[in-house]
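Visitor: sequence first, predicted model second:
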Amino acid sequence: MSFFYHPEIENKEEYQRRLGDLERFCKEKTIKLINNDYRPEEFENIVEPFRDKESIKFISDKDRYRRRRCHLCNSLLIQKTVEETRKHRIKYFTSTLLCSPYKDHDLIVEISNEKALDYHLDFYYQDFRKGYWMGRNYARNHQVHIPRFCGCLDSTKEERLE
């Protein structure tokens, strides 16, 4: 089973492109796909206080803000994944967040282990970064969109691959 949840993707067209590629892949491989509705406000609601200069949570340092934003985003994505895992009575979960060499791998593992304990699930860990370039080659050969950024508005502005 595959679960697609990405409220951090700011652009609906980008969201639909990524979802369409996953739908096609899951159909080819006969994998059940669960998709939540596109709700970018779920991500915006958690990061806005850290962006708002009037908020007590405001972070002016760009690097600190980016680290906090990414932590909040990863936590949200993993939280929804474990909720969906429990809902479908599945014992194990993992995340494609572990594929990217540009993400904070240790943070993702830490959050996943915490959520696994909280929800009495087993987190399946594997360092999927080893297959990153093989995955990019697969995408090129199968006309799969290769994102140049994580998807959130801030990463788009920063023009960086996260």
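Guide: Noted; the coordinates are in hand. It should be emphasised that the depicted structure is a prediction, and the values quoted were computed from it without experimental measurement. Numbers count the residues shown, from 1 in each chain.

Visitor: and the residue of the chain positioned farthest from its centre, helix, strand or coil?
Guide: Relative to the C-alpha centroid of the chain, counting by C-alpha atoms, centre = their mean, Glu54 is the outermost residue, at 28.3 Å. At Glu54, secondary structure determined by DSSP: H, G, I helix; E, B strand; the rest coil is coil.

Visitor: ok, it to Ser60 distance?
Guide: 13 Å (C-beta to C-beta, to the nearest Å). (Each C-beta comes from the backbone N, C-alpha and C, glycine too.)

Visitor: now swap in Asn35 and tell me
Guide: In terms of C-beta to C-beta, Asn35 sits 37 Å off from Ser60.

Visitor: looking at those two, which is more packed in?
Guide: Asn35 (14 against 8; other C-beta atoms under 10 Å).

Visitor: nearest spatial neighbour of the more buried one, chain-adjacent residues omitted?
Guide: Spatial nearest neighbour of Asn35, excluding adjacent residues (C-beta to C-beta, 6 or more residues apart in numbering): Phe4 at 4.6 Å.

Visitor: thought that neighbour was touching Leu33?
Guide: Yes: at 6.5 Å, Phe4 and Leu33 qualify as touching, with contact defined as C-beta atoms under 8 Å.

Visitor: identify the contacts common to these two.
Guide: Leu22 (C-beta atoms under 8 Å, 6 or more residues apart in numbering).

Visitor: what residues does the helix or strand hosting Leu19 touch?
Guide: Using DSSP states H and E, Leu19 falls within helix 12-28. Residues from elsewhere that reach helix 12-28 (C-beta under 8 Å, 6+ apart): 2, 4, 6, 9, 31-33, 35, 38, 40, 144-145, 147, 151.
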